[in-house]
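Novice: I would like the atomic coordinates for the input below:
(one chain, ligands or ions: 1)
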Amino acid sequence: MQNLDALPAEIARRDPQDYAVDGVVPAVALAPTTVEEVSACLAAANDAGLGVIPWGGGSHMGLGNLPASYDVALDLRALDGVAHHEPDDLTISVRAGCTIAELDRHLAEHGQVLPIDVARPESATIGGVVAAGLAGPRRFGYGSLRDLLIGITVVLPDGRIAKGGGMVVKNVSGFDMMRLYYGSLGSLAVITQVNMKVIPRPRAQRSVVARFPTLTAAVEAAEAVRTSQLVPTAIVVLDEGATRRAELPDARWSLCLRCEAPPVAVVRQAERIAAAVRNGAEAAEIVENDETTGLWQRIALALDAAPAADTIGVRVGAAPSQLSVVSEAAANELAALDLATELTLDLGSGLCYVRAMGEPAAMRRAWEELAQLGLHATLLTAPHGIKSDTDVFGRKPAGFETMRALKAEFDPRGTLNRGRFIGHL
Ligand SMILES: Cc1cc2nc3c(=O)[nH]c(=O)nc-3n(C[C@H](O)[C@H](O)[C@H](O)COP(=O)(O)OP(=O)(O)OC[C@H]3O[C@@H](n4cnc5c(N)ncnc54)[C@H](O)[C@@H]3O)c2cc1C
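Specialist: Down below sits the predicted model:
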């Protein structure tokens with residue numbers, strides 16, 4: 001307990017029970033309110049050899065390997081709010097603990113939006129979203145949040161405060177440090193503020209929802225749109241179980257396409273998309289403005305696998321042209337196991353999301369089979385017993401040695417998210 005005494009006494013404390021990660025409860029939970037306090041917490045923990053896990057909204061703590069050790073939870077939610085907004089320049093600077101819902105409400109007052117999908121916007125924080133680096137279906141139309149980052153402030157494990165980029169859209173000098181932290185799962189530094197580009201809020205939206213008897217028919221219709229001049233901002237195909245979870249009309253396979261544009265253009269787009277997919281569909285309908293937001297929020301929740309004792313969530317990546325082959329193989333592998341499964345294909349990003357529910361042995365087998373498919377596979381969530389002898393990030397990527405070198409350079413004492421990143425870094 002000697003080591004814990006080194007932590008700054010003036011920082012607010014929370015109940016550690018509320019910060020369990022994969023069942024591991026930290027000894028202390030600290031809630032700094034300023035970047036200087038974050039710096040003091042990290043410097044002390046680093047000196048004392050303590051393991052720290054940054055905590056945003058806590059909505060994606062299931063992502064990552066089991067912690068190798070976990071002494072301190074660093075709750076960043078008190079670093080909240082918008083720091084600076086230049087509406088005329090379409091740029092905004094937001095503190096890490098600001099929730100996506102809070103940011104959305106602020107931007108809406110200015111007729112602007114950050115075009116990302118987040119399953120739980122009321123709890124997810126911008127720092128957590130950048131650290132987790134997952135992109136939803138709107139990545140097809142707008143790119144990922146990574147492409148919208150123009151500046152970042154972080155605190156390094158030894159307490160040094162570092163900044164990259166700035167508040168202007170054309171940041172082209174030097175190495176693009178922001179990109180390094182995106183998707184690093186808080187393994188290199190704690191993000192305290194991010195600067196981003198935003199866009200004018202699309203004045204209208206429509207979605208096309210169609211039903212198909214087979215995966216092949218649904219994907220063929222989707223591909224006909226994807227490779228045409230039509231410009232949907234998201235394209236997903238859901239199997240029967242995922243269709244049910246997203247509260248869509250019953251279907252063996254559903255195809256959903258989103259259009260966001262000025263009012264007249266959006267009506268024309270949706271009609272042309274509906275006409276394009278009707279061929280081969282059992283039915284196709286157009287969903288109007290208000291319903292579209294709710295529809296895609298439910299689809300985001302269908303993609304999101306919240307931690308549960310009887311569920312694994314796996315994401316398999318493939319080239320968009322190969323996604324249906326990979327998904328078909330996934331469905332066949334899973335059919336042989338005694339599991340309830342749900343499949344969603346994000347055709348714009350080349351990702352197949354699988355949720356499988358059942359006995360631990362069957363779920364383990366499912367992960368082993370799925371990990372062999374596609375270009376890469378990630379176990380987004382799984383019970384402790386399955387995580388304990390696997391790397392949830394699957395096969396090591398080509399750049400793994402560079403990642404290891406970066407970790408050694410940024411966090412030589414392994415203070416941050418100890419053991420949780422790719423290859424148990
Ligand atoms: C269907 C779906 C669609 C999604 N779409 C998008 C999308 O379009 N764009 C996008 O960017 N994300 C997207 N996400 C990602 C998702 O919304 C975020 O991963 C999530 O909400 C994280 O927020 P959080 O604050 O709850 O993070 P937490 O669960 O608190 O943390 C997640 C991880 O990040 C680390 N972390 C948290 N805060 C910080 C910080 N300030 N500094 C360093 N590390 C930190 C934690 O240690 C943890 O490992 C999507 C997810 C789903 C399921």
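Novice: center of the protein, which residue is that?
Specialist: The centroid of the chain falls nearest to residue 134 when counting by Cα atoms, centre = their mean (2.8 Å).
Novice: list the contacts of that residue.
Specialist: Going by Cβ atoms under 8 Å, 6 or more residues apart in numbering, residue 134 touches 60, 63, 183. Where C-beta positions appear, they are placed from N, C-alpha and C, glycine not excepted.
Novice: you'd agree it is in a helix?
Specialist: No. Going by DSSP: H, G, I helix; E, B strand; the rest coil, the assignment for residue 134 is coil, not a helix.
Novice: for stretch 39-56, what is the average pLDDT?
Specialist: The average pLDDT within stretch 39-56 is 97.
Novice: my guess is residue 194 meets residue 97, correct?
Specialist: No. Applying Cβ atoms under 8 Å, one finds residue 194 not in contact with residue 97, separated by 11.2 Å.
Novice: between the two, what contacts are shared?
Specialist: The overlap between the contact sets of residue 194 and residue 97 (Cβ under 8 Å, 6+ apart) consists of 126-127.
Novice: who does the helix or strand bottoming out on mean pLDDT in the chain touch, helix- and strand-wise?
Specialist: The helix or strand of the chain with the poorest confidence is helix 177-181; it has a mean of 84 (mean pLDDT, DSSP states H and E). Here helix 177-181 touches strand 149-155, strand 161-165, going by 3 or more Cβ pairs under 8 Å, 6 or more residues apart in numbering; DSSP states H and E.
Novice: got a list of contacts for that helix?
Specialist: Residues contacting helix 177-181 (Cβ under 8 Å, 6+ apart): 130-131, 146, 149-152, 154, 162, 164-165, 188-189, 191, 194, 406.
Novice: and the furthest pair within those?
Specialist: Within the contacts of helix 177-181, 150 and 406 form the most distant pair, 21.6 Å apart (Cβ to Cβ).
Novice: between the two, which is the more surrounded one?
Specialist: With neighbours defined as other Cβ atoms under 10 Å, residue 150 and residue 406 compare such that residue 150 has more, 22 against 16.
Novice: show me the contacts for that one.
Specialist: Here residue 150 is in contact with 91, 165-169, 171, 178, 195-197 (criterion: Cβ under 8 Å, 6+ apart).
Novice: for those, pick the one with the most neighbours.
Specialist: Counting by other Cβ under 10 Å, top hit in the contacts of residue 150: residue 195 with 26 neighbours.
Novice: near the ligand, which residues of the stretch 251-400 of the chain show up?
Specialist: Counting by Cβ under 6 Å from any ligand atom, the stretch 251-400 of the chain comes close to the ligand at 300, 303-304.
Novice: would you format those residues as CSV with neighbour count included?
Specialist: Formatted as CSV, those follow (neighbours: other Cβ atoms under 10 Å):
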residue, neighbour count
300, 19
303, 26
304, 22
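Novice: out of the residues you listed, which one sits closest to residue 343?
Specialist: Using Cβ to Cβ, these come closest to residue 343 at residue 303, 10.6 Å.
Novice: mind pulling up the pLDDT for the closest one?
Specialist: If you check residue 303, the pLDDT there is 89.
Novice: hang on, isn't it packed against residue 345?
Specialist: No. Counting by Cβ under 8 Å, residue 303 stays clear of residue 345, with 10.2 Å between them.
Novice: for those two, list the residues in contact with both.
Specialist: residue 353.
Novice: up against the ligand, what does the stretch 51-200 of the chain have?
Specialist: Residues of the stretch 51-200 of the chain lying close to the ligand (Cβ under 6 Å from any ligand atom) are 53-61, 64, 76, 96, 116-120, 123-125, 127-129, 131-132, 134-136, 138-139, 145, 185-186, 190-191.
Novice: out of those residues, which are inside strands?
Specialist: Taking DSSP state E, the ones among these that sit in strands are 53-55, 190-191.
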